[in-house]
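Participant: Turn this into a model:
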Amino acid sequence: MKLIFFIGFGCFCFNQVILTSTDEIENGNIPEEIFKSNELCSQMDSKTQLMDLNVDCQLLALKQLDFVSLLSLAETNHHFKSLVSLFLKQMFQKKWVDIVIRWPVPQEIVGDYIKIKNLTIAEQLFKNFGHLIQKLKINRDYPEKVEYYRSIYKLVNLHCSKTLKEIRLVNYLNNFFDEFTNQFENVQNVYIRNILKTERRLNEVFPSVRRLHFHIFGFLSTDSINVKYTNLEHLKMCMNANEGPLTEDVAAELFRKNSHIQSLELKRASPKLIKIAADSLPQLERLKLVHIQNNYNNESISFPKVKIFEMEGFVGSWFLNTKFGNVEEFSISGKYGLEVETILQLIENNKQLEKLQIIFSFYNDREFTSDALSRKIGDKWYMEAFLGTIILKKKHNLL
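Facilitator: From the prediction side, this is the model:
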C-alpha cells in the first residue's frame, strides 16, 4: 500500500522544474532543503509514469514512506536503490538504528531511533545499507533469541565495521561480542551495559575509541576492559553499589592504564575511588561526580589540572577539602542549596574560579538567600538568581 501511495503521490508531484539530476544522486549531491521541505510539486499528469518523475518529487515522496517500505522500494531497481541510499544516508547521520527485542514494538522511526525487531528486515538493512549506518544500538538478548542475536552481530561485523561511529551494547548475556572479528576503526563513542562474558579486548575491536561509557561494569571480564585505549579522552562509569571492592579494583586498574584521559564522569563512586582517580589521572581537565557515596573521611584530594568540575546530587561539603588549583567553572546541583559560608569558602579555596553555578530544588533549614549571599560576595562577582539557580561570575577590571 505504501508503494502504491508513493506512485500516486509522485504523479501529483510531477510537472515541476527539475532541480536535481540522477548524476547528482550518484555523487551524493542532494540539496538539504529537499529533506526539510513540506511543499509538494504543483500539478498532476495522469499519463506520468513513476520513472518520469523528477528527482525532487521522488525525494519528497520518500518522506511519506515508512522504513520497511523504503527498504522494499530500494529493491525495485538501481535508480531507486541509489535514491533510497542517499535518503538513508541523510537519516543515519542523526538517527540510531536500534535492534530491540525487549518488548513488542513496531518497526518504525520513533524519535531518534529506527527500531528493528525482525531478523529478515535487519538482514535486508545491513546487507544493502549497512555501510551507511553511523549509530547502532543493540538491545538486550534473551535465551530464546540466541540465534537471532548471533546473526545480528555477524551482520554488523560484515557490513558496518568501516563506517560505524557510535555503538551502544545494552544488557546482553552471551559472548556475541566475540563475533566482532573485524576492527571498527571509525568508532569513537562506545557505551556498554551489563555484559557478562567476552573474550575479545575492547581496544582490539575499537582501536580509535575516544569516549567510553561503562554502566555497572563489575560484571565485565577484567581482562577484556582493563587495557590501554590509546585515543581515549573521556571515560564515564556508572558504578553498582552492590559490586563493592571488585568494581573499585577494576576501575582503579583502568585509571592507571589510561592516565592520559582528560575527562572523567563517575556515578555512585566511593570517595576512595575518587581519591584513586585523583592519584592516577594527572592530565584530568574535566571531572563530573554524580550521587557519590556518603562515607567521606575528610582526606584531602587534589586535582591540580581540572578546569571544569560538576557535581550532581552532592553529599555534604566534602569537596571543600578537594584541592583543584586551576578550576575555572564549578557547578553543583542537588536537592538543597549550599550555606552562604560554604559558598564563600569554596570561592576562597579556588582562586582561579571564574564561574560558580548552584542548582537546587529546595532551600535547607539554614541561612541561604540570594540577598544574604549578595551582601557577602561584595562587588567582585556578578550574581544571577532565578528558579532555584544561583550563578556567580567573576568581574574583571577592563582598565
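
Participant: leaving aside the residues next to it on the chain, what's closest to residue 89?
Facilitator: Closest residue to residue 89 apart from its sequence neighbours, by Cβ to Cβ, 6 or more residues apart in numbering: residue 132 at 5.0 Å. C-beta: built from backbone N, CA, C; applies to glycine.

Participant: try residue 223
Facilitator: Among residues not flanking residue 223 along the chain, residue 201 sits closest, at 7.2 Å (Cβ to Cβ, 6+ apart).

Participant: Contact partners for the one you found?
Facilitator: Contacts for residue 201 (Cβ atoms under 8 Å, 6 or more residues apart in numbering) come out as 223, 224, 225, 227.

Participant: Dump the residues you listed to TSV, plus distance to residue 182 and neighbour count.
Facilitator: Shown next, in TSV, are these (distance: Cβ to Cβ, whole Å; neighbours: other Cβ atoms under 10 Å):
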residue	distance to residue 182	neighbour count
223	21	11
224	17	22
225	19	22
227	18	16
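
Participant: among these, which are in helices?
Facilitator: 223, 224, 225 (DSSP state H).

Participant: how many neighbours does residue 300 have?
Facilitator: 9 (other Cβ atoms under 10 Å).

Participant: ok, it touching residue 279?
Facilitator: No: here residue 300 lies out of contact with residue 279, judged by Cβ atoms under 8 Å, at a distance of 11.7 Å.

Participant: in the protein, which spans are helices?
Facilitator: Counting by DSSP H, the helices of the chain are 2-12, 22-27, 33-36, 55-62, 67-74, 78-92, 119-129, 146-159, 202-205, 222-225, 245-257, 271-280, 340-349, 370-377.

Participant: Comparing those, which comes out most buried?
Facilitator: helix 55-62 (a mean of 22; mean count of other Cβ atoms under 10 Å).

Participant: now the angle between helix 78-92 and it, please.
Facilitator: If you take axes from the mean of the first three to the mean of the last three Cα atoms, to 10 degrees, helix 55-62 sits at 60 degrees to helix 78-92.

Participant: Show me what helix 55-62 is packed against.
Facilitator: helix 2-12, helix 22-27, helix 33-36, helix 78-92 (3 or more Cβ pairs under 8 Å, 6 or more residues apart in numbering; DSSP states H and E).

Participant: what do you get if the cut-off is 6 Å, keeping everything else the same?
Facilitator: Packing partners of helix 55-62 (3 or more Cβ pairs under 6 Å, 6 or more residues apart in numbering; DSSP states H and E): helix 2-12.

Participant: Please work out the average pLDDT along the helix it packs on.
Facilitator: The average pLDDT for helix 2-12 rounds to 47.

Participant: Apart from its chain neighbours, what residue comes closest to residue 255?
Facilitator: residue 280 (3.8 Å).

Participant: How about the contacts made by the one you found?
Facilitator: Listed by Cβ atoms under 6 Å, 6 or more residues apart in numbering, the contact partners of residue 280 are 255, 256, 259.

Participant: In contact with the second one: list those residues for me.
Facilitator: If I follow you right, that is residue 256. If you count contacts by Cβ under 6 Å, 6+ apart, residue 256 has them with residue 280.

Participant: switch the cut-off to 10 Å
Facilitator: Residue 256 is in contact with 226, 228, 276, 279, 280, 281, counting by Cβ atoms under 10 Å, 6 or more residues apart in numbering.

Participant: Distance to residue 371 and pLDDT added to the contacts of residue 201, as TSV?
Facilitator: Output for the contacts of residue 201, formatted as TSV (distance: Cβ to Cβ, whole Å; pLDDT from 0 to 100):
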residue	distance to residue 371	pLDDT
223	58	74
224	55	77
225	51	79
227	54	88
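
Participant: Against residue 264, how distant is residue 230?
Facilitator: Plainly put, residue 230 is 17 Å away from residue 264 if you go by Cβ to Cβ, to the nearest Å.

Participant: So for these two, which sits in the more crowded spot?
Facilitator: Using other Cβ under 10 Å as the criterion, residue 230 and residue 264 rank with residue 264 on top: 24 against 11.

Participant: Residue 288 is in contact with that one, correct?
Facilitator: Yes: look at residue 264 against residue 288 with Cβ atoms under 10 Å: they come within range, at 7.3 Å.

Participant: re the thing from before, the residue nearest to residue 89: what's it in contact with?
Facilitator: Residue 132 sits in contact with 85-86, 88-93, 97, 125, 159-160, 163, where contact means Cβ under 10 Å, 6+ apart.

Participant: Apply 7 Å and report the result again.
Facilitator: 85, 88, 89, 92, 163 (Cβ atoms under 7 Å, 6 or more residues apart in numbering).
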